[in-house]
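Trainee: show me how the following folds:
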Amino acid sequence: MAYYLGLDAGGTKTFCLVGDEHGNILGFGRAGTGNYEGFGVEAARREIEKAVRMALDDAGITLQQLTGIGMGVAGADLPDDYVMLEREIFTPLFGDIPRVFRNDSMGGLRGGTRDPFGIVIACGTGCVCAGVNRHGKEARVGGISEDFGDMVSGSSIGTEGLKVVFRARDGIVGPTLLTDHFVRRAGCKDADELFHKMYIRQIWHKDLEPMAKLVFDAAYEGDPAACDILEWGGRYLAEMVIAVARKLDMCRDTFDVVMTGSVFKGRSPVLIDTMRARVHRVCPEARCVRALFEPVVGCFLLGLELHHAMDDTRYANLEKSLDAMTARCGVSFRPEA
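Mentor: Take a look at the predicted model:
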């Protein structure tokens, strides 16, 4: 029997799955952030190794029994990152076991669709868009930081909402439901108190998180200012998708645009509807879909597909074993709506 490992080392957590060549998931491990950019290489190495060891122990196999590995790693943005991470973490840990090593967005893509090609737009803490065409060519835009051009994320949507609250306080724009939502989240009596407490640093932006949810809730209730923010976000995310499609010559193709991340879980449909309409202007056959599985499942598939093509039987085994793993460990491997 051949065994495979999938590793999703993200910005907030590290998940690891171990399974067999038939698509059965046998073990699961978890740890803290595997992104070296936040806490350093040594901290990332410890968390990654912890998740790997936990998954292997849970599956009842050893590292030496692995036949292939699929990895999606946050912070693997440039060629120099891959070289450094291989040298400092993955070669010492995995040796010469065959592996696929990609940015964490590619795990989201592979887990998001049954097709081995498509585009993923991931928007939560940050935002990145990446894709693979039918010929295996890859492209990516964004995902570095706001300093390097990124515009839309959960944080930026929330920050735009807070700005509108203060503009309404000054009378620059009209009344908005955003004021009620932000004031209530802060535990203040009105926008004046919120302004004062933020100005003297009694309340910080982090105290209001997740602020994007407040914007989505206000938009769901029909607030024009909140809807404007989500339309802005949807337009920009669409331009990211279109940029990747153009790089990969996919504009005339039929493909999935996999939407992952907290931003796509908001109550209001305005952002998704705006993004979908704008994408369809350039890519009329694109299908904007929610991910089938969490990125760690996609990473497992990247490893498995080093030697085996996915088919209906393997997908059936995968889904059944993932449901059993969820029942056993309490972690869902299917994105919540």
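
Trainee: and this protein, what are its domains?
Mentor: The record's domain parsing of the chain by automatic domain parsing lists 3-114+292-329, 118-291.

Trainee: and the helices in the stretch 201-337 of the chain, which stretches?
Mentor: In the stretch 201-337 of the chain, the segments counted as helices under DSSP state H, counting those that start in this stretch are 211-220, 224-247, 270-282, 295-304, 312-329.

Trainee: so which residues of the chain form strands?
Mentor: Listed from the start of the chain, the chain has strands (DSSP state E) covering 3-9, 14-20, 25-31, 66-73, 99-103, 118-123, 127-132, 138-142, 255-260, 286-290.

Trainee: make CSV out of the ones you listed and add distance to I48 and mean pLDDT.
Mentor: The way it works is simple: take the backbone N, C-alpha and C, and place the C-beta from them, glycine included. Output for the strands of the chain, formatted as CSV (distance: least, C-beta to C-beta, whole Å; pLDDT from 0 to 100):
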stretch, distance to I48, mean pLDDT
strand 3-9, 5, 97
strand 14-20, 6, 97
strand 25-31, 7, 97
strand 66-73, 8, 96
strand 99-103, 12, 93
strand 118-123, 20, 94
strand 127-132, 20, 93
strand 138-142, 22, 91
strand 255-260, 21, 95
strand 286-290, 28, 95
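
Trainee: any chance of these in JSON lines, plus mean neighbour count and distance to K247?
Mentor: Output for the strands of the chain, formatted as JSON lines (neighbours: other C-beta atoms under 10 Å; distance: least, C-beta to C-beta, whole Å):
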{"stretch": "strand 3-9", "mean neighbour count": "29", "distance to K247": "25"}
{"stretch": "strand 14-20", "mean neighbour count": "27", "distance to K247": "29"}
{"stretch": "strand 25-31", "mean neighbour count": "22", "distance to K247": "34"}
{"stretch": "strand 66-73", "mean neighbour count": "25", "distance to K247": "20"}
{"stretch": "strand 99-103", "mean neighbour count": "20", "distance to K247": "15"}
{"stretch": "strand 118-123", "mean neighbour count": "29", "distance to K247": "10"}
{"stretch": "strand 127-132", "mean neighbour count": "26", "distance to K247": "8"}
{"stretch": "strand 138-142", "mean neighbour count": "20", "distance to K247": "4"}
{"stretch": "strand 255-260", "mean neighbour count": "25", "distance to K247": "13"}
{"stretch": "strand 286-290", "mean neighbour count": "18", "distance to K247": "14"}
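
Trainee: can you tell me which of the helices of the stretch 201-337 of the chain is most buried?
Mentor: With neighbours defined by mean count of other C-beta atoms under 10 Å, none of those is more surrounded on average than helix 295-304, at a mean of 29.

Trainee: what packs against it?
Mentor: Helix 295-304 sits against strand 3-9, strand 14-20, strand 66-73, strand 99-103, helix 104-112, helix 312-329, with contacts defined as 3 or more C-beta pairs under 8 Å, 6 or more residues apart in numbering; DSSP states H and E.

Trainee: now with 6 Å?
Mentor: Contact here means 3 or more C-beta pairs under 6 Å, 6 or more residues apart in numbering; DSSP states H and E; on that basis helix 295-304 packs against strand 3-9, strand 14-20, strand 66-73, helix 104-112.

Trainee: redo those as CSV? Include distance to I97.
Mentor: What follows is those, written out as CSV (distance: least, C-beta to C-beta, whole Å):
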stretch, distance to I97
strand 3-9, 8
strand 14-20, 13
strand 66-73, 5
helix 104-112, 18
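
Trainee: out of the ones you listed, flag the one nearest A327.
Mentor: Minimum separation from A327 across these (C-beta to C-beta) falls at strand 14-20, 15.2 Å.

Trainee: how about the lowest-mean-pLDDT helix or strand in the chain: buried residues?
Mentor: Per-element confidence for the chain was summarised using mean pLDDT, DSSP states H and E. The lowest value among helices and strands belongs to helix 36-39, with a mean of 84. With burial defined by 16 or more other C-beta atoms under 10 Å, the residues of helix 36-39 counted as buried are Y36.

Trainee: mind checking how far it is from the chain centre?
Mentor: Taking the mean C-alpha point of helix 36-39 and that of its whole chain, the gap between them comes to 17 Å (C-alpha atoms, centre = their mean, to the nearest Å).

Trainee: again, but for stretch 6-17
Mentor: Its chain's C-alpha centre lies 11 Å from the corresponding centre of stretch 6-17 when counted by C-alpha atoms, centre = their mean.

Trainee: over to stretch 90-106?
Mentor: Its chain's average C-alpha position is 19 Å from that of stretch 90-106, according to C-alpha atoms, centre = their mean.

Trainee: pull out the buried positions in that stretch.
Mentor: By neighbour count, with 16+ other C-beta under 10 Å as the criterion, the buried positions of stretch 90-106 are F90, L93, F94, I97, R99, V100, F101, R102, N103, D104, S105, M106.

Trainee: residue contacts, the fourth one?
Mentor: Under the criterion of C-beta atoms under 6 Å, 6 or more residues apart in numbering, the contact list for I97 reads L66, I69.

Trainee: how far away is it from V183?
Mentor: 54 Å (C-beta to C-beta, to the nearest Å).

Trainee: dump the domains of the chain to a markdown table, plus distance to P335.
Mentor: What follows is the domains of the chain, written out as a markdown table (distance: least, C-beta to C-beta, whole Å):
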| stretch | distance to P335 |
| --- | --- |
| domain 3-114+292-329 | 6 |
| domain 118-291 | 5 |
